[in-house]
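**Student:** here are the coordinates; sequence isn't available:
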């Protein structure tokens with residue numbers, strides 16, 4: 001029987017790290033289904049969803065969490081079995097937000113999304129230089145799901161109400 005794992009992986013970034021992870025998963029009969037990975041301040045951070053025979057899960061996790069494994073040494077690995085449940089009917093929107101950077105803007109943005117009934121599916125944030133002044137500008141791009149019968153305008157208004165300096169683009 002096949003099982004599914006969601007793993008978070010964190011450690012010092014280095015060449016070949018993803019290849020070592022993929023080799024370890026494959027060695028245990030696992031299939032790498034999807035992932036999100038990034039390098040931030042010299043650290044590797046990843047979220048990986050794999051399919052694996054139930055009989056191999058314990059050995060796979062033991063190897064990934066072992067400091068003796070040469071290819072994955074120094075990594076912190078957390079894993080949970082995927083809980084299968086019937087998702088509620090939702091639709092997804094692509095959101096692009098830009099404005100002046102300020103402390104707490106991610107907290108404000110995520111709170112506005114939640115209060116409007118949205119769920120953050122993916123979110124990338126960062127600073128970009130403003131075209132004319134070079135001033136740091138906050139930018140967030142992401143995928144938000146909302147209830148199937150919710151109005152897109154409510155989400156847009158909730159984000160725009162965070163401040164007049166924000167530009168918000170929401171598309172289906």
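**Tutor:** Yep, that arrived. Small disclaimer: the values here were computed from a predicted structure and weren't measured.

**Student:** show me the helices in the chain, by range?
**Tutor:** With helices called from DSSP state H, the chain shows them at 17-27, 57-65, 105-115, 152-160.

**Student:** identify the bridge partners of residue 81.
**Tutor:** residue 5 (DSSP bridges).

**Student:** give the contact list for it.
**Tutor:** 3-5, 57 (C-beta atoms under 8 Å, 6 or more residues apart in numbering). In this view, the C-beta of every residue, glycine as well, is placed from N, C-alpha and C.

**Student:** list only buried entries from those.
**Tutor:** With neighbours counted using 16 or more other C-beta atoms under 10 Å, the contacts of residue 81 contain these buried positions: 4-5, 57.

**Student:** in the protein, which residue is most central in space?
**Tutor:** Per C-alpha atoms, centre = their mean, the C-alpha nearest to the average position across the chain is that of residue 122, at 5.2 Å.

**Student:** will you turn the contacts of residue 81 into CSV that also has distance to residue 151 and pLDDT?
**Tutor:** Compiled in CSV, the contacts of residue 81 are given as follows (distance: C-beta to C-beta, whole Å; pLDDT from 0 to 100):
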residue, distance to residue 151, pLDDT
3, 39, 90
4, 34, 93
5, 37, 92
57, 43, 90
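
**Student:** identify, from the residues you listed, the entry nearest to residue 45.
**Tutor:** residue 5 (17.1 Å; C-beta to C-beta).

**Student:** residue 88 versus the closest one, what's the distance?
**Tutor:** From residue 5 across to residue 88, the span is 24 Å (C-beta to C-beta, to the nearest Å).

**Student:** please apply the same query to residue 2.
**Tutor:** Distance from residue 2 to residue 88, by C-beta to C-beta: 25 Å.

**Student:** do the same with residue 35
**Tutor:** 25 Å.

**Student:** do residue 16 as well
**Tutor:** On the measure of C-beta to C-beta, residue 16 and residue 88 end up 41 Å apart.

**Student:** ok, now which ones touch residue 113?
**Tutor:** 95, 119-120, 144, 155, 158-159.

**Student:** same question for residue 44.
**Tutor:** Contacts of residue 44 by C-beta under 8 Å, 6+ apart are 9-14, 17-18, 37-38, 75.

**Student:** contact partners for residue 97?
**Tutor:** So residue 97 contacts 109, 138-141, 159, 166-169 (C-beta under 8 Å, 6+ apart).

**Student:** where do the strands sit along the chain?
**Tutor:** 2-12, 31-40, 43-53, 76-81, 90-100, 119-129, 136-147, 167-171 (DSSP state E).

**Student:** got a markdown table for these, with distance to residue 63 too?
**Tutor:** Shown next, in a markdown table, are those (distance: least, C-beta to C-beta, whole Å):
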| stretch | distance to residue 63 |
| --- | --- |
| strand 2-12 | 12 |
| strand 31-40 | 15 |
| strand 43-53 | 12 |
| strand 76-81 | 10 |
| strand 90-100 | 36 |
| strand 119-129 | 29 |
| strand 136-147 | 33 |
| strand 167-171 | 43 |
